[in-house]
Each structure stands twice: as C-alpha cells, then as structure tokens.
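J.: this is the structure alone, sequence omitted:
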C-alpha cells in the first residue's frame, strides 16, 4: 500500500491539511480532563469578552457569543496550534467598527449584514492566502508598524469606551473626532454609570495587580492564581448585574444590555451585494493581515514553549475557515487572541479539543443564560475592555527604535500618529507605505567601493581604507549588494561618475563576489552601462561572478554583446587588463 | 575670499543648482552655429508633434505650441543634460487624457483648466522630489513595469488615434471600451479621411524605412539623412494641408484643425480648487514619475556618448520648473522626449541654448504661422502619432523576461494587461504592486544553510553539499542575507523547525558572516527566538557578527538578555559548545 501513501501525500500537498487527524488518534481520558478544565476557565473568560467586543464592534451582544462558537470548532479542525483560542479580539473589533461605521448606523440591520460580509470576505481572503501559500504577505506588516498600530488602537479603543463609561453618546474614527464629541456631550454624563464604570475599572486593576500576588502568597500556584485573576471580569459582571437589578438603576440612566435572544447561532447567508463588497474588500484585507499576524505570533510563542511547531500557511486556512464560519453563523471577524490563548495554555489545555469544549460552553450560555444578562450594564463591559486594552499600549517601542534605528522609529511614529489622528486604515497604510519607501531608500544606495590591489597579495580592498595599488587606466568597483530594481540606477550613476572623473579611463571592472542575484531591471542597467561605455571607448568587465548569477546571464545575449570579458578572479582581470600594475608590484 | 567660496558651496547644496552658469561662460560663435542648426531641425520636428500630442491629450492644438516654449527655456536654465529636448510626449499626453477624461469633457474650458492644474501639481511634485533628493522614488518603477507600460501605452495611443483616422467619434480608457465604441461608430466612417490617414501613414513609414537608406545611398551622412527623415511629418503636413485647402475637403467630412489663436502663450494662473487637486494628485504623481524615468534614461544615454554626466536630483528640479512653466503658460505636462532629443544630439546641439533657440522657433510659429495651419487635417496628426508610437511597442521584453526570470515576466505581463484592459493608472499600480510583492516573496525566503565542520580545517560548510562533522546537541545555521522585516519570520520558522526535529538539542548558533544589517523587526524576531529557546532550555549563540551590526545591537539590551554568547569566529563557538566534535576530529 506504499503507493497509496505516496498518493495521499501528493494530494495533501494541494489540499488544506487536517491537523486534527494527528492528535485525535491518541486522544485519551487524561487529555480530556486537562482540556475540560481549560475549557471551563476560558469559557468564563470569553463570556464578558465576547459581549464586550461585540459592543466595541458596534453589534448586538449576542453576535459576540455567536462569533465564539462555530469559529472555535473550525479552528480546532484546521489549526496547527494546540492551544490557540480563537474568537472576537479588541483590535479586530475596532477595525470592524471603523470599516462599517463609515456607511452604516450602528444597531441597524444593514450594519450587522455588513459585519457578516466583512467576516466572509476576510475568511475567503485568508483561505485563498493559505491555499496559495501567500503567508509571506504578512511580512508587509513590519514589527514597528504592528507595534505602533496596536498601541494606537489601544488608545482609540479606550477613548471609544470612555463614552460608555460616561453614559453619553459620542462617535468618531479618530482621537480628533472622538474627544470634541465627548466634551460636547459632557453635560449629559450619568453620574451613576460613571461611578460604576470607575469602580469596575479599579476592581479589575486590583484583581490583577493586588489579588493575584495575594493568591500566590496564600499558596496557589502562579499559573492558577493568574487564571483566577483573569476570571475577575466574570465576578464584576455578576456583582454589577445584581446591583443594577436590585437598585433598579436601569431607570436611573444606567444603560443595560437588555433582552438577548436565547438560542444557538442562526444559519445566515452572507449578502452578495456588489457595492457592499467593493466598500469592504480593503478593510477585510487589512483585518485579515492584522488578525493573521497577531494570531501567528501568539501561536508561535505558545508552541515553542512545548517544543511544538505551527505551520503559518495552514494557520491561514484555519483562520479563514473560522471567519467563514463566523459569517455563516451571524458573527463578525475573529482571530486568535493573546490573553485567552495564554489562559488556555496555562490552564493546561493539551489539544484543540479544548476549543471545541469552550464552544460547547458558550453555546450552553447562549441557550440558557441570556436572560441572566438582562441587567448587565454597558459600563461594566466598557470597563473590562479598557483594562484589557491598556496593556496593549506600550510607548517603549518609540524609545527603543529611536535608539536602534531612525528608519524604524519613523515607521512607528508615522503609524501611531496616522492611526490616532486619521483612523485605523490610514494608520496601517501609512506605516506599510513608509516602511517600503525607507527600505527602498536604504537599498537604493548600496555600498559600492572602489578597490585596489593590496601590495604583495592577490587581494583587493577599498581604496579609501587601505594603501592599495591602482592604475589610472582602470577602475575596479565592488558592489556589496545584490542588484535589483531599487539600486540598479545607483550603479549607473556610480559608473557615470567614475567615467566623467577620469579622461584616461580604458576599463571598468565589476567585482561581483557579493552579488547574489541580478534581476531584469539590473540587467537592463548593465546593458545600458555597456552601451554607454562602448560608445565612449571603454571596456566593461566582470570578475568573480557567482554560479547561479552566471547561469542566468547565459540565458540572455548580454555576454555576447559585452564590450569586455568575464574573469574568474579579480586578480586575473588585473593580469589581463593592467599588467603594468603587477610589474609595479614586482 | 576662500570663506565666501565655501559659503557659496554651503548654500548651493541646499538650493537648486543653476547648471547653465557652467556652459554659458564658454559660449562662443561656433557653439552658437551648432546649436542654431539643431534648433531649426528640432523646431521643424516639434511643430507637428506639439499639435498632435495636444490632440492626443484632448486639448486645443495651440496648447501643444504653448507647452513647447516656456518649458524649454526653464529646462535650459536648470537641466544638467546638454541635449535633452523637453516638450509634450506621447505617453504623458495619453496619461493626461486618461486623468482628466474621467471627469471633464474634452474641449471644455474645465478640461483645459484641469490640464493646467495637472502640469502645475506635477511640477511642484518634481521640484519637491528634487529639493528633498527623493529621486530614488523613481526606483519603484522597475524596468519590467516601465517596459510593459510603454508598450501597452503605445497600443492604447494607436487605438485612440484610430477613430481620428476613421473620422468618427469614439472614446474609452482602455481597449475593452475603445474597440466596441469604434465598431459601433463604423457606419459613420469618412472615406476621404480614412484614405488620407492611411496614405500619410504609408508615406511616413516609407520615409523612415525607404527614403532614409536612399539618402544614405545618395551620399548623405547617416546622421543627417536620419534627421531629414524625421522631418518627414512636416512634409506630410504641408502636402495634406494644401490638398485639403485646394480640394475643399473640409466640406466633405475631413476634420481640420481650424483657426488657432495667433500669439505668444498667455499668462495663466492655475486653479486652486481643492476638489480638483484631490482628483489630480495621484495621476500627477504617476505622470511625474513616468516622465522623470523616461527623461533621465534618455538624458543618461546621450550624456554618456560624450562622457558627460547628468544629476538625477537636479533633473527633477529642471523638469519640475518646466512643468510649472507649462502650467503658467497654458500648456500641459511635459518631459524629455526620446526621438527629439536624439535628433537634437545628432544634429549637433552642443548646449541647452539649442533648447532656447527651439523655443524661439516655436514662438515664431505661434505668432505668425497659425493661419497656415487652418486646413491641417486631424487625420494627418493622428497618422504622425500612430507612426511615432508603434516604435514604442516591443513584445520582445515578454520573451526575454520569460527566459530570464519568471518574476520579472509576471511584472511585465501584469502591467501590460492591466494597462490595456483597465487603463494607464491601474496598469502602473498593478505593476508596481506586483513587483514589490514578488521582491518581498523572493527575499522572504533567504537561503539558510545548516553548516558543519570540514574535517581537518576551521571552515564550516553546508551539510547538504559537503561531508562535514556535526554534533546532535548543536545546530549551526548560516543566513545568506541581511535580516529585515520581510525575512525575519523565515528565520523564526527555520529555528522552530530545527528545534522541533531534534529533541537532544542544547544549542543553536547563528553564523552571521553574511548579515549586513538587522532592522527592528528582525531584532524583535531574534528576541522572540531567544525567549522561546530559553523556555525550551536551549542556548542561542552568535558568531562572526560584523562590526556595524554589533555596534547597533550594543545600543539595545538584547545582548544582556541573550541566553548564550557571541563568538568572534564560528570555530571558537564550536570549541566552547561542542568540544566533543573537535576531539572526534583529532
């Protein structure tokens, strides 16, 4: 049956993998126990998070629950991380609100429809990127860009929740729009809401900074006490819900969640409205890439702790399937979340079955517990969001990159400012654009050294640094970079300069020891240089061309037209072209 | 007075240069003679071209004359090329029509106003790029993209002139729109116009392919006969204008240029309408970059023939000033043209004064000769355009890049198809986008070799190619590329894989001899790798780190956190970490 095994491998290479086949075979009762414990803790953590991130995305609370059921099951089937916990996350929810808020009113059916389409397009894009092995596209988001973006998003999210804690209406895509809108609405502040929101924030901060060390002091393991501390929001929800119910605060200006339809997620068909798709494809692409980068970095960090590995391209397929599932079950864009994945890992999850069990837990909640959430105040949810996102804000990156590299600093600063002052999409575009421009700028000026012979050797070194021998009829240039479109013209400039400076020049020799590749633009430049040198009566020679580069050049007619020779070593080039130089040495 | 000379140098570095100070000092009668002859020939060539490209841009014919006066004088003041001839060119005129045709009706005052604003914005952008030394931005247009774009533009221009030769109305931004529109209008074809257009094309082709060799055979020099052949369009204009006048063909369906207001260019103030600027900044940027790339490559080719040099950043200033001048004198975007610059060079132009003299020639024409152009048929101008642009179309680039590199081929094909099927802007964007994606894809998979000790030496080589010694407790990796955001994750993957494959692993050593730089993204990846390896109990070491890279790392706390050491040579790393390997060797 060996041939059938080979066959399976062949088609498996072209189809999305099914990694669960790997772990499901050895699944036993002990693993189930670990997974179940982790699932219970993650479910407790996900209830407030899913409601809160639905609110942040501008959607009804039940959609948060829906987005935490089907996607988790799909990720368990297709994902390669053993412990990644998928669901609504803060930054992606903010991006969802920014994308849809531009043309639909939060709370309207059209808004929800757009969120479903956004999840669907994003899912299809992730699937396509996975199947076509396009995971490298995530590289466009460099570390400075993603850091600046996440810090700025944290601030934007905290600002957007300020209005909920103040009990007022305000809106805006950026700080410049949000703050004046909040200030204008200040006279309507609900004192009770504000008090409850502030107390909840204080409690949540204490539970993490104060209680967790206390639990450790009482003898709980650091991991377990951390997991308990992370369940703090559940306690806050219970207490504030009960207080609001008993005190009838809903009649006194405290906004509550209200009735959530009980039941499992609906089966929804995403809209195929062309105009809507055209409005949403760009935000969907940005959400896909940001979600993927976040999820993969969490997954890699956790996998490495247990010496496991994740496959980025397969992760794209899994996140794609999760988002498509979110769309068909009335949810909104999801990805792997950092905090909940760490909790899942620390609580002892062993396999993605923990995700399936978490999904079952959330399904139970949305079937049975939604009436209990009737009196849950919006301000409590806003408080959990604020505490969660403030840990995202980290301005140290500005200090570090300032010290390390001004180019990287500019990318952080541009992303941060554009996100805060214009919006999330503008911020990402500015960051990616600037990173590319700066990279191009750096590589467009490759180090090109004029080299000369070290006396008594066959070695050639930079004329500016070493006492070397040169010949006025010949210039030797060493390019310390592969030649491609960004730097092709720099070489032309450098050679034009050398020619213009020296009227006795007879030969130009390029020492190619550091050139790993030459693309078509650079080849065209070399051809232009060759024609120009030829019409000026100057020879154009190469030495030490690497094998693969030479193979490629031989597929063209460049070498036939070359007004010069290709030498194996630079020393041989000198022997042939400037014998006087070697005599001087001898 | 040495200090004043230094002062001048200091401010000259920050102000645009005035290269004419260089050549004007030594200007004598002999140079004037050469320049005057060249100017007469170029003027003859520029009359039909400037009228034809104004028509192609959708503008009244006199604007072509206006665009060939002031810009030439400004280029003569600021340009560094001695022989470049600036003015309206085919591709930029097509881009002008595409940019403005989207929202204004050709022939309307708003259309002309938009063309003036387009030239003005493009001029300001070029000036800014020149003063800020941003010429490297032109590198975004790789050779495959510019080649595909120019071929596709040639086809689009020929298609757009087809309607003029057929004497019908048709429109469209791409081939898919143009061809059906032409087919639908076929019943209105003017037989007389078509005949004249076809005969003019045949005549112009013959004059270049047939007459030029004939003149050479009669003893004229190749250069002079080429220059005469290039003046063929003037002959065509004279003949068809006279025939149309004598035959009263204008009454029989032949469209004529009609009355052109005589006089020098008007002084125009560009509009500062914000909405118009917003619509035009992107096309203006693309026009600026395409115009600059075309102009610089012509300039460099001609300068090299006489061992002169051009300064790309100063060229930006000169082209910017030319376009601003075009805007203020009622013209449209201009740049250095290939054909007319070659004619200028071959006719013996020695200095940019030839450009000033050409401007004077065109000014004379627009003062005195415009009545003579009354009966000039549009079809004649269309024929001169078709013959001129067909030389731009060159599909060999597809064959060459297919053989040389599939990535470059894809960039050519994408640019070509998107330009033909969607339009000029989409074509450029598709090409630039795909080039960047492909470059990122290539560099995102750097060559990372596992190396081992060559027996009996201190050298380390690829384990896959050489019979080397290795130790199971240690893996040595050599990265053959600088580390930056596009490939940082690839290194993480490779190390994760090495760790997951080998449960006995104790040490990972990176041999850094080929790493020229490490950006902040790569540093973050190294930190992540360090944390992950540390939590898995594996040491992370470096060897042969280059000086500048080490300097930069020492500005961070990375080396303090490093769970391992930095060794001067890879051999020293082995001595410290895997002494057993060296014993085996001994």
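T.: Now that the structure is in, tell me what you want to look at. Just so it is clear, the structure is predicted and the values come from calculations on it, not from any experiment. Numbering: from 1, shown residues only, chains lettered A, B, ... in the order given.
J.: okay, CA-based contacts and neighbour counts for the rest of this
T.: Will do.
J.: avg pLDDT for stretch A:83-101?
T.: What stretch A:83-101 shows for mean pLDDT is 92.
J.: chain center to that stretch: distance?
T.: If you compare the mean C-alpha spot of stretch A:83-101 with that of the full chain, they lie 13 Å apart, counting by CA atoms, centre = their mean, to the nearest Å.
J.: ditto for stretch A:571-586
T.: Per CA atoms, centre = their mean, the displacement of stretch A:571-586 from the mean C-alpha position of its chain is 55 Å.
J.: what's in contact with that stretch?
T.: Taking contacts as CA atoms under 8 Å, 6 or more residues apart in numbering or on different chains, the residues outside stretch A:571-586 that touch it are A:455-456, A:458-459, A:469-471, A:473-474, A:507, A:509, A:543, A:567.
J.: what residues are up against the spatially closest residue to residue A:69 that is not a sequence neighbour?
T.: For residue A:69, ignoring the flanking residues on the chain, the nearest one in space by CA to CA, 6 or more residues apart in numbering or on different chains is residue A:359 at 4.4 Å. For residue A:359, the contacting residues are A:43, A:68, A:69, A:70, A:72, A:73, taking CA under 8 Å, 6+ apart as the criterion.
J.: is any part of the lengthiest helix in chain A close to chain B?
T.: Scanning chain A for the helix with the most residues, using DSSP state H, yields helix A:274-305. Yes. Legend: contact between helix A:274-305 and chain B by CA under 8 Å from any CA of the partner chain is shown at A:301, A:304, A:305.
J.: return the member of the residues you listed nearest to residue B:448.
T.: Minimum separation from residue B:448 among the residues of helix A:274-305 next to chain B (CA to CA) is found for residue A:304, which lies at 20.0 Å.
J.: any idea how far the helix or strand following the longest helix of chain A is from the middle of the chain?
T.: Under the assignment DSSP states H and E, the closest C-terminal helix or strand after helix A:274-305 is helix A:312-328. In terms of CA atoms, centre = their mean, the gap separating the centre of helix A:312-328 from the centre of its chain is 15 Å.
J.: does anything pack onto helix A:312-328? Which helices or strands?
T.: When contacts are defined as 3 or more CA pairs under 8 Å, 6 or more residues apart in numbering or on different chains; DSSP states H and E, helix A:312-328 packs onto helix A:70-78, helix A:109-131, helix A:274-305, strand A:335-336.
J.: what residues are up against the residue nearest the centre of chain A?
T.: In chain A, the residue lying closest to the centroid (CA atoms, centre = their mean) is residue A:293, at 2.9 Å. Residues in contact with residue A:293, defined by CA under 8 Å, 6+ apart, are residue A:138.
J.: now swap in the one 10 residues further on and tell me
T.: For residue A:303, the contact set (CA under 8 Å, 6+ apart) comprises A:81, A:82, A:83, A:309, A:310.
J.: show the buried residues in the contacts of residue A:359.
T.: Neighbour-count burial (16 or more other CA atoms under 10 Å in any protein chain shown) is assigned, among the contacts of residue A:359, to A:43, A:68, A:69, A:70, A:72, A:73.
J.: mind picking the lowest-pLDDT entry from the residues you listed?
T.: By pLDDT, residue A:43 ranks lowest within the buried ones among the contacts of residue A:359, coming in at 90.
J.: tell me which element that residue is part of?
T.: Residue A:43 belongs to helix A:29-56 when assigned by DSSP H and E.
J.: just checking, what packs against that helix?
T.: helix A:61-66, helix A:90-101, helix A:143-166, helix A:232-247, helix A:338-346, helix A:353-364, helix A:378-390.
J.: weakest of these by average pLDDT?
T.: Across the helices and strands packed on helix A:29-56, helix A:338-346 gives the lowest mean pLDDT, at a mean of 84.
J.: residue A:556 is in contact with residue B:399, isn't it?
T.: No. The pair residue A:556 and residue B:399 fails to qualify as a contact (CA atoms under 8 Å) at a distance of 10.5 Å.
J.: of the contacts of residue A:303, closest to residue B:449?
T.: Taking CA to CA as the measure, residue B:449 lies nearest residue A:309 of those, at 19.8 Å.
J.: quick one, helices of the stretch 451-586 of chain A?
T.: In the stretch 451-586 of chain A, helices defined by DSSP state H, counting those that start in this stretch lie at A:488-501, A:520-535, A:547-554, A:558-561, A:570-577, A:579-585, listed in chain order.
J.: quick check, the residue in the stretch 101-250 of chain A closest to chain B?
T.: Residue nearest to chain B within the stretch 101-250 of chain A: residue A:143 (4.5 Å; CA to the nearest CA).
J.: now that residue. Nearest residue, chain neighbours left out?
T.: Closest residue in space to residue A:143, ignoring its immediate chain neighbours: residue B:521 at 4.5 Å, by CA to CA, 6+ apart.
J.: repeat for residue A:98
T.: Using CA to CA, 6+ apart, the closest residue to residue A:98 is residue A:173 (6.2 Å).
J.: so which of the residues of helix A:274-305 next to chain B is the most crowded?
T.: Using other CA atoms under 10 Å in any protein chain shown as the contact criterion, the top neighbour count among these goes to residue A:304, which has 22 neighbours.
J.: for it, what are its contacts?
T.: Residue A:304 sits next to B:496, B:532, B:533, B:535, B:536 when contact means CA under 8 Å, 6+ apart.
J.: got the residues of helix A:274-305 next to chain B as a markdown table, with pLDDT and distance to residue A:330 columns?
T.: Conversion of these to a markdown table gives the following (pLDDT from 0 to 100; distance: CA to CA, whole Å):
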| residue | pLDDT | distance to residue A:330 |
| --- | --- | --- |
| A:301 | 77 | 31 |
| A:304 | 71 | 34 |
| A:305 | 73 | 35 |
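J.: the helix or strand encompassing residue A:438 to helix A:90-101, inter-axis angle?
T.: Using DSSP H and E, residue A:438 falls within helix A:424-443. Here helix A:424-443 points in a direction 110 degrees away from that of helix A:90-101 (axes from the mean of the first three to the mean of the last three CA atoms, to 10 degrees).
J.: up against chain B, what does the stretch 51-200 of chain A have?
T.: Near chain B, when you scan the stretch 51-200 of chain A using CA under 8 Å from any CA, you find A:136, A:137, A:139, A:140, A:141, A:142, A:143, A:144.
J.: among the helices and strands packed on helix A:312-328, which comes closest to residue B:150?
T.: Shortest separation from residue B:150 across the helices and strands packed on helix A:312-328 is recorded for helix A:274-305, at 28.8 Å, computed as CA to CA.
J.: buried residues, that closest one. List them.
T.: A:276-277, A:279-305.
J.: how far does that helix sit from the chain's center?
T.: When C-alpha coordinates are averaged (CA atoms, centre = their mean), helix A:274-305 and its chain have centres 7 Å apart.
J.: then stretch A:414-424?
T.: Stretch A:414-424 has its average C-alpha position 16 Å from the chain's average C-alpha position, going by CA atoms, centre = their mean.
J.: also stretch A:104-116?
T.: For stretch A:104-116, the gap between its own C-alpha mean and the chain's C-alpha mean amounts to 26 Å (CA atoms, centre = their mean).
J.: ok, and what's touching that stretch?
T.: Residues external to stretch A:104-116 that are found in contact with it (CA under 8 Å, 6+ apart): A:58-60, A:96, A:100-101, A:270-271, A:276, A:326-328, A:330-333.
J.: which pair in these spans the largest distance?
T.: When the contacts of stretch A:104-116 are compared pair by pair using CA to CA, the farthest-apart members prove to be A:101 and A:328, with a separation of 21.3 Å.
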